[in-house]
Each structure stands twice: as structure tokens, then as C-alpha cells.
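>>> please find the sequence and the predicted model below.
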Amino acid sequence: MIEFKNVSKVYNGGVKAIDNVNFKVENGEFVILIGPSGCGKTTLLRMVNQLEDISEGDIILNNTSVKQSNKIEMRRKIGYVIQSNGLFPNMTIEKNVMIVPDLLGWDRKKQQDRFNYLMELIGLHPDEYRKRYPHELSGGQQQRVGVARALAADPPVMLMDEPFGALDPIIRTKLQEEFLQIQKEVNKTILFVSHDIDEAVKMGDKVALLRGGKMMQYDYPSEILHHPANDFVSEFVGQDRVLKSTSLYSVKDLVDEVSLDSYHEADSAQPVNEDTSLRIVISKLLNQEADQLVVEDKQGNKKGKLTLELVEKFLHKEVKETPNR
Amino acid sequence: MQTIIDFFNYFSNNYSQILEYTVEHVQLVGLAIIISILIGVPLGIYLTTNEDLAGTVLQISSIMMTIPSIALFGIMIPILSTIGQGIGFLPALIALVLYSQLPIIRNTYTGINNVDPNIRDAAKGLGMTTMQRLLKVEIPNAMPLIMAGIRTATVLNIGIGAIAAYIGAGGLGSLINQGISRSNNTMVLVGAVVVSILAILVDYLLKYIEKRFTPKGIKN
């Protein structure tokens, strides 16, 4: 658990980069820190592993104040991933990934097993990459290795500073999805800095929106989108916030809330499966070729017809009834 | 044509003498470089942690480089005479160590400072101690620049070492020195050519060492 207690950062001259921030990240929770440039999100993140000093207040990490912890030992228990991957060019991929286990004095066998496991986890072949150097890898591969390195000693907490920010959109989307799969398996407590609201909504269990070092809103993505706390939040998430929120729901969520229209074999309709996100459903429905969709479950049984009116009905319900996801 | 014949005659007739001078020369420069590395590399590394001092030290070592070597030898005679070492090996050694400091300190300082800040940040964030960062990350990545500084200093010293013959430090400069006072052009030429060949060979040797010391991942 990470708990921020009245945390402030004051620079010489009295400029407050972080202003009295309070929030809690529960165990296994994936929290996104987001805000415009200069809002202090990276500073806040770097205060957790003490790369930045805390001027006032404290951060409690697993029941211990980070101010009182031994910095070196504490950092070895926190996974750290940065935007430019920060791999050491002079070391092979194996040496890079095994840095922290090596510092902790793991034996050779244990390190090798862990390396093999982590490389499989991030989808790179262990033996193929073991002896290669970072500059021989593509940007996406380097960033994957950066994630593996952060996971190496199995730390309970991960700090990630725009890890996918420097990648092209296609690779970024791919890595985001891969990382969500990895998180399902490793279940870490994650604090993740982003400047991209779509990324935040897609990845985070909760979103913390900052401006000028102050916390604007800390809540579930659906709440941030449906019930912005103030004008700034509403402006930041964008006027298309309802559209954005549709990526939070799948067809299954809709089926649970509203009943589908009945389906006749004679109707011409495109099939969608239950895991499809509503965002894709809307996009398909707006496409001229299909004005209705037929929902199929995993066995291929047709459950009913889905139209724009139904999506609209569902969203009205969701927005009004303040769902807690 | 006659010059070339004279050159080779002189060379074969005085083979062992030339070899002796070369050994003296290599000893002088070699020892000077080893001492210079032992002083310059740690100092260069230390300066990266103390920006104020760095400016001053680099300025002083730059000024050092502008003093003509013959003048420096002259200045050291009265000073070192107080311990009975006014001329000979010691003043030559000191002068060479002083001249080596600028390239070695500056390149070490620049090399370490130029390590990508993101890499340094990652090293810190992963929980490396200052010493571990230096040994595992910063020095290996600065190695090409540090070695380039050592190479420059060595080649420079081979040239300046020839002038040290004027204060009785021996070495290949003795050939040039004696050649001039005897108006023997062949002798001067042999001295000059051997010094040049020595410098080129040592430069190649150091280039090879540099390759061996540079981690694979940062070679192009």
C-alpha cells in the first residue's frame, strides 16, 4: 500500500511543486497519475522512491515511512520503469534484467530461472536475447526489457514514469494490452504516470488528476468521465468524455443492464462477441454497412440484436446511477 | 639520396645506442603516464561531483598546457635543486605528469558527465550505491572518452619527452640534442624519425587496448 499524507514539495524560493496531496493506493491497485505538463505528476512519483525529497508530509509505503527507510534497500524493493527505458548500454540484456537480483546477491541458478520466466512473461525468447545488447533491440523490445528489469526481484510495488510514452501508437497500444495481461498475472501495486487520458481510462483501476501540484480528483475512471469534480477535470478529459467512457464497458456489461431486442434469422446483422468494448460497437453501428449488430456468446449462440438506441439507454443509466466499478 | 644512405648507415652502426635511448624514453613516458592516470582519472571522476572545483581545476590544467616545456624544465631546476634533483629523470617526470593532466582529467570528467542522465536515473532508482553506479555504469560507458584522453596524453608526452634530454633525462631527445650541437644532421634526423615511429606505434597499441576495454554494447 502507498499512502500520501499531506505531501508537499517546496523548492528554494517558495515555489510549491506539490501542494498538500493526500491519497491512498491499495495493494494490487493500478493507479494512474495524470495531468498537464508541469503538474508535478513525475515529481510525486519520484518522491515515493526518494529520488526527490519530501519537503512536508510523508509517504507511507507498506507501513513504513519512506523518509525513514534506507534509500538503497527500499529502492531495490520497488520496480522502476522510465520513459527512455534507461537500459545500461554496456550490459547484455540478461545483465540488465538481473541487475537488482545481482545486487541482492541471488545465486546464478536462481537468476537464470528468473530471467527465463520474465522473458517468457514479456514475450521475448530468453536464449535469443540473453547475450544481446540494448542497442540491438527495437524501442518496443527495449521497453519490454525495462519492464522485465523492474519486475526482476519481484517487488510488491512498481513505479512507472510514462513507460510507453516514447513509442509509436501501434506499439504503444500493443504494450498497454500486454502489460495489462502481465499485471493480471503478477498483481502488483502500481503507480503509473501518464499524460494521455485514453491510456489512463484504459489502464487504471483509479485515476489521480493533478494540476499545479494540487490533486483535482482521485476516483474511478468512470467517475472521472461521468462526474468531473470541476471545470478543469471536465476540460482535461475532453468534451467527448462520454465517448471515452464507452471503452470502459463491454457488450456484456450492457447485456447485464438492458435487454437486447429479439433477433430474427432474416435480419441482416454483423456479429459481435460479448467481450467487445462498447466503443468498438458504437464505431461499427455508426458505420453505414451495419445499422444493427447481433450479440454472440462464447459458444456462438445468438443472444439478441444491439442498436444505437440500446447503447444510448445503457449510457444514460450508467451516467445517472453512479456506478462503482 | 645521400641523406637516406647516411641515415641507414648511422642507424645500423649505432643500433644498440638507439635502442638504449628508446628504452629510456619509453621508461620515462610510461612511468609518467601511469602516475598521470592514477592522479587524473580519480580526480576527473571526483570533479563530476563538485562543479565549482571542476571549473578551477580544468582552468589550471589548461594554463599548464600553455607553458612551453623548455621553460617548465628551466623553472624546475632551481626548485628541485634544493633536494639535489635539479636535472635528470625527476624533473622530466614531473613535467610530463603535469602536461598529461589536462587531457586525462578533462576527458574523464566529460566522459562521466556525458553518461545519459536517464541511465544514471535508472541506476539510482534501481537501488545502486554511488560506488556501484560508478563502477558498473558510469565508468564503463565513459571508457571510450577516458581512453582517448590517455592516448592523447601519451602521444603528447613522447614528443615532450624528447625535449627532456636538455636537462639530462636521456631518451631519444639525446640524439637530436647531440646532433644539433655537433651539426650532425643525420643524427637529428634519426632521432626525429625514431621518436615519430615510437609515437605512432604506441598510439596503435593504445587504440587496441581501448577496443579491448570498451564494453561491446557501446561499440558501433
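Happy to help now that I have it.

>>> and for whichever residue of chain B sits closest to chain A, the neighbour number?
Closest residue of chain B to chain A, CB to the nearest CB: residue B:122 (2.8 Å). For glycine as for every other residue, the C-beta is placed from the backbone atoms N, C-alpha and C. For residue B:122, the neighbour count with other CB atoms under 10 Å in any protein chain shown is 26.

>>> name the nearest residue to it, ignoring sequence neighbours.
residue A:86 (2.8 Å; CB to CB, 6 or more residues apart in numbering or on different chains).

>>> tally of neighbours for residue 42?
This is for chain A. Taking other CB under 10 Å as the criterion, the count of residues near residue A:42 is 21.

>>> hmm, no, I was thinking of chain B.
By other CB under 10 Å, 12 other residues sit near residue B:42.

>>> how about the residues of the stretch 151-300 of chain A by chain B?
Residues of the stretch 151-300 of chain A found near chain B (CB under 8 Å from any CB of the partner chain) are residue A:159.

>>> test my guess that residue A:255 contacts residue A:305.
No: contact between residue A:255 and residue A:305 fails when scored by CB atoms under 8 Å: they sit 11.6 Å apart.

>>> overlap of the contact sets of the two?
Both residue A:255 and residue A:305 are in contact with residue A:295, where contact means CB atoms under 8 Å, 6 or more residues apart in numbering or on different chains.

>>> which residues touch the closest residue to chain B within chain A?
At 2.8 Å from chain B, residue A:86 is the closest residue in chain A, using CB to the nearest CB. Counting by CB under 8 Å, 6+ apart, residue A:86 makes contact with A:146, B:116, B:118, B:119, B:121, B:122, B:123, B:125.

>>> quick one: the helices in chain B?
B:2-13, B:15-47, B:51-66, B:69-81, B:89-113, B:117-125, B:130-132, B:139-163, B:173-181, B:185-213 (DSSP state H).

>>> so which helix or strand takes in residue A:252?
In the assignment (DSSP states H and E), residue A:252 maps to helix A:251-257.

>>> so what touches that helix?
A:272-278, A:281, A:295, A:303-304, A:306, A:310-311, A:314, A:317-318.

>>> picking that back up, now the contacts of residue A:86: which count as buried?
A:146, B:119, B:121, B:122, B:123, B:125 (16 or more other CB atoms under 10 Å in any protein chain shown).

>>> my read is that the second one contacts residue A:89, right?
Read it as residue B:119. Yes: if you go by CB under 8 Å, residue B:119 and residue A:89 touch, sitting 7.4 Å apart.

>>> and the end-to-end length of stretch A:4-15?
Using CA to CA, to the nearest Å, the end-to-end distance of stretch A:4-15 comes to 20 Å.

>>> re the thing from before, is it true that the residue nearest to residue B:122 lies in a strand?
No: applying DSSP: H, G, I helix; E, B strand; the rest coil, one finds residue A:86 to be coil, outside a strand.

>>> wait, what's in contact with residue 85?
If you meant another chain, say so; for now it's chain A. Under the criterion of CB under 8 Å, 6+ apart, the neighbours of residue A:85 are A:134, A:142, A:143, A:145, A:146, B:118, B:122.

>>> please go with chain B instead
By CB under 8 Å, 6+ apart, the residues touching residue B:85 are residue B:91.

>>> the same query, at a cut-off of 6 Å, please.
If you count contacts by CB atoms under 6 Å, 6 or more residues apart in numbering or on different chains, residue B:85 has none.

>>> check it and give its pLDDT.
If you check residue B:85, the pLDDT there is 80.

>>> how close does it get to residue B:57?
From residue B:85 across to residue B:57, the span is 26 Å (CB to CB, to the nearest Å).

>>> likewise residue A:303?
Separation of residue A:303 from residue B:57 (CB to CB) stands at 78 Å.

>>> between these two, which has more neighbouring residues?
residue B:57 (20 against 14).

>>> could you export stretch B:212-220 as CSV, CA atoms only?
Taking Å, rounded to 0.1, in the frame of the first residue of the first chain, the C-alpha atoms of stretch B:212-220 are listed here in CSV:
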residue,chain,number,x,y,z
ARG,B,212,39.6,-4.3,-25.5
PHE,B,213,38.4,-2.1,-22.7
THR,B,214,35.3,-0.7,-24.4
PRO,B,215,32.2,-2.8,-23.5
LYS,B,216,30.7,-4.5,-26.5
GLY,B,217,27.4,-2.8,-26.2
ILE,B,218,28.7,0.7,-26.7
LYS,B,219,30.8,0.0,-29.8
ASN,B,220,29.2,0.9,-33.1
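
>>> tell me which element residue A:309 is part of?
helix A:308-320.

>>> check residue A:60 too.
strand A:56-61.

>>> just the CA coordinates for that strand, please, in CSV.
Coordinates of the C-alpha atoms in strand A:56-61 are reproduced here as CSV (Å, rounded to 0.1, in the frame of the first residue of the first chain):
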residue,chain,number,x,y,z
GLU,A,56,6.4,18.4,4.1
GLY,A,57,4.2,15.4,5.0
ASP,A,58,5.2,11.8,4.4
ILE,A,59,4.6,8.8,2.2
ILE,A,60,3.9,5.5,3.9
LEU,A,61,5.0,2.5,1.9
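
>>> for burial, what's the neighbour tally of residue 101?
Went with chain A since none was named. Residue A:101: 18 surrounding residues under other CB under 10 Å.

>>> nope, chain B please
By other CB under 10 Å, the burial measure for residue B:101, its neighbour count, is 23.

>>> what does residue A:163 give?
26.

>>> what sits against it?
Residues near residue A:163 by CB under 6 Å, 6+ apart: residue A:81.

>>> longest helix of chain A?
helix A:169-186.

>>> now that helix: mean pLDDT?
Mean per-residue pLDDT for helix A:169-186: 92.

>>> how far does it sit from the chain's center?
Averaging C-alpha coordinates over helix A:169-186 and over its chain gives two centres that are 9 Å apart (CA atoms, centre = their mean, to the nearest Å).

>>> helices or strands next to the helix or strand just after it in the packing?
Next in sequence after helix A:169-186, counting helices and strands by DSSP H and E, comes strand A:189-194. Counting contacts by 3 or more CB pairs under 6 Å, 6 or more residues apart in numbering or on different chains; DSSP states H and E, strand A:189-194 packs against strand A:30-34, helix A:41-48, strand A:157-161.
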